[in-house]
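In: Fold the following and give me the result.
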Amino acid sequence: MRVCVIDGQGGGLGSRLIRGLRMDLGPEHELIGLGTNRTAAEAMGEAGAGRTGIGPDVIKEAVQTADVILTSLNMLLPDLHQGEVTSTMVQTILEAKGAKILLPVNRFRVEVAGTESRKLEELITNSLTRVRSLLSVAPQI
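Out: Prediction:
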């Protein structure tokens, strides 16, 4: 299975997600760190991503074949990350066939009704648990 983690700016969230997944994923699972910039991609590479990529075109290509896409809700808000997130990139992520797991990080004061405010560490733990459950029920290729 193919898991894509997408992050921007410094890659802090993405690298924490990659590190958490790397501990549990076997060699049959491909872990890809996709950054909206070089710093984010490098951070995810250092955290253990098997492959990294940078920019909207690479993200667009990678998510089309992803089984799971893991990112923050902020990555679906175009033009907020100093222009790093484009409308096309958001559309590509939303239209991808893979499961999308979004962390409701409230960096830009966007709240999702019905979700509780939680600390980042708890959001990361919950997200990693969900990815693991998706990978355990998926058919092996």
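
In: which of the residues in the longest helix anywhere in the chain are buried?
Out: Using DSSP state H, we find that the single longest helix of the chain is helix 120-137. Under the neighbour-count criterion of 16 or more other Cβ atoms under 10 Å, helix 120-137 has 123-124, 127-128, 131, 134-135 buried. For the C-beta atoms, the positions are set from N, CA and C on the backbone; glycine is no exception.

In: what's the closest of those residues to Ala40?
Out: Taking Cβ to Cβ as the measure, Ala40 lies nearest Ile124 of the buried residues of helix 120-137, at 15.9 Å.

In: What score does the residue nearest to that closest one when sequence neighbours are not counted have for pLDDT?
Out: Leaving aside its sequence neighbours, Ile124 sits nearest to Arg16 (Cβ to Cβ, 6 or more residues apart in numbering; 5.7 Å). Arg16 carries a pLDDT value of 96.

In: do Val131 as well
Out: Listed pLDDT for Val131 reads 93.

In: That one and Pro56, how far apart?
Out: Noted for Val131: a distance of 23 Å to Pro56, by Cβ to Cβ, to the nearest Å.
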